[in-house]
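Peer 1: no sequence for this one, just the structure:
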């Protein structure tokens with residue numbers, strides 16, 4: 001039995017998986033009538049997230065409302081390619097480290113929405129921004145393993161996530177468990193969707209091949225995953241600087257990433273080397289697959305040297 005089977009991964013993506021689950025709503029819903037929004041929105045790349053009470057079930061859920069203008073513009077890039085919508089992609093994901101999608105559809109205003117399980121815990125980005133060493137101490141290696149398992153699953157399903165970053169990982173309150181969220185930019189890992197020109201993503205985590213309008217593949221997620229892990233381990237970025245716009249990504253192949261051991265000289269040598277290999281500007285120099293990364297990661301028992 002191979003690694004993927006041991007981890008419980010099945011066959012690659014099939015378009016019918018989500019439709020068979022019955023998660024797609026066939027009716028337009030009135031968002032404000034059905035949901036009581038309990039928490040201020042958190043903005044994503046093309047959407048807003050709310051903690052909300054579903055008046056139909058009286059349960060607290062995660063509510064994602066897509067920005068119709070941004071959503072329409074993004075989807076227009078793939079006209080004629082039969083791209084599955086975000087709701088269908090998200091609903092097809094069944095993994096302990098990926099947020100569970102309960103329902104998806106359109107609002108009465110034709111806005112795409114998703115209803116997800118709600119986790120009462122901090123985003124990984126918040127923990128990093130707060131430099132929450134006490135909360136993260138002793139948990140980092142476990143979190144990285146869970147993050148890697150989630151991304152491997154996405155890749156095994158035949159997709160490129162395209163927006164791997166700390167903002168898209170949510171922790172439980174005790175920081176022992178973490179889940180990947182947000183498939184708004186996700187595309188199938190097929191030739192039609194990997195052609196040059198799709199420059200979407202979060203700049204600080206964006207691989208050079210994206211910003212340089214080159215052909216892409218799943219290795220762009222490996223780059224973004226490496227930057228996220230680097231930041232989780234050190235509270236710093238491989239390319240430090242104040243720029244957070246699209247210009248930030250231009251630095252990713254014009255200067256070498258700073259060694260993570262400058263910030264964490266105590267870090268496990270194998271782990272540090274793996275992270276540095278992930279953030280190499282040339283895709284050929286990176287760890288080539290998440291399966292390879294996970295295999296290596298399972299040999300590491302401690303974060304420190």
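Peer 2: Arrived safely. Note that the structure is predicted; figures quoted are calculated from it, not measured. Numbers count the residues shown, from 1 in each chain.

Peer 1: quick one, phi/psi of the closest residue to residue 220 other than its chain neighbours?
Peer 2: Leaving aside its sequence neighbours, residue 220 sits nearest to residue 207 (Cβ to Cβ, 6 or more residues apart in numbering; 4.1 Å). Bear in mind the C-beta positions are built from the backbone N, C-alpha and C, glycine included. Backbone torsions for residue 207, taken as degrees, to the nearest 10, come to phi -70, psi 150.

Peer 1: List the contacts of residue 207.
Peer 2: Listed by Cβ atoms under 8 Å, 6 or more residues apart in numbering, the contact set of residue 207 reads 216, 219-220, 223-224, 249, 252, 283.

Peer 1: which one of those is nearest residue 139?
Peer 2: Checking the contacts of residue 207 against residue 139 by Cβ to Cβ gives residue 224 as the nearest, at 20.9 Å.

Peer 1: Show me what secondary structure element comes after the strand or helix carrying that closest one.
Peer 2: For residue 224, the enclosing helix or strand under DSSP states H and E is helix 219-234. Going down the chain from helix 219-234, the next helix or strand is helix 269-278, by DSSP H and E.

Peer 1: Out of the contacts of residue 207, which two are the most distant from each other?
Peer 2: Taking Cβ to Cβ, no two of the contacts of residue 207 sit farther apart than 219 and 249, at 15.2 Å.

Peer 1: ranges for the helices of the stretch 101-250 of the chain?
Peer 2: Using DSSP state H, counting those that start in this stretch, the helices of the stretch 101-250 of the chain run over residues 124-129, 133-136, 140-156, 208-211, 219-234.

Peer 1: list the helices and strands the third one packs on?
Peer 2: Applying 3 or more Cβ pairs under 8 Å, 6 or more residues apart in numbering; DSSP states H and E, one finds that helix 140-156 makes contact with strand 178-180, helix 219-234, helix 290-297.

Peer 1: hmm, try it at 10 Å
Peer 2: Where contact means 3 or more Cβ pairs under 10 Å, 6 or more residues apart in numbering; DSSP states H and E, helix 140-156 is packed against helix 3-6, helix 124-129, strand 169-171, strand 178-180, helix 219-234, helix 269-278, helix 290-297.

Peer 1: weakest of the ones you listed in terms of mean pLDDT?
Peer 2: Comparing mean pLDDT across these, the weakest is helix 3-6, with a mean of 41.

Peer 1: Can you tell me which of the helices of the stretch 101-250 of the chain is most buried?
Peer 2: Ranked by mean neighbour count under mean count of other Cβ atoms under 10 Å, the helices of the stretch 101-250 of the chain are led by helix 219-234, which reaches a mean of 24.

Peer 1: Give me the packing partners of that helix, helices and strands only.
Peer 2: Other helices and strands packing on helix 219-234, by 3+ Cβ pairs under 10 Å, 6+ apart, are helix 124-129, helix 140-156, strand 159-160, helix 208-211, helix 269-278, helix 290-297.

Peer 1: Can you check which of these gets nearest to residue 82?
Peer 2: Nearest of the helices and strands packed on helix 219-234 to residue 82, taken as Cβ to Cβ: strand 159-160 at 14.3 Å.

Peer 1: quick one: average pLDDT of stretch 137-148?
Peer 2: Average pLDDT, stretch 137-148: 97.

Peer 1: low-scoring stretches of the stretch 1-150 of the chain, by residue?
Peer 2: 1-22, 41, 43-45 (pLDDT under 70).

Peer 1: Which stretches in it count as strands?
Peer 2: Along the stretch 1-150 of the chain, the stretches classed as strands by DSSP state E, counting those that start in this stretch are 35-37, 42-43, 47-54, 59-66, 101-106, 112-116.
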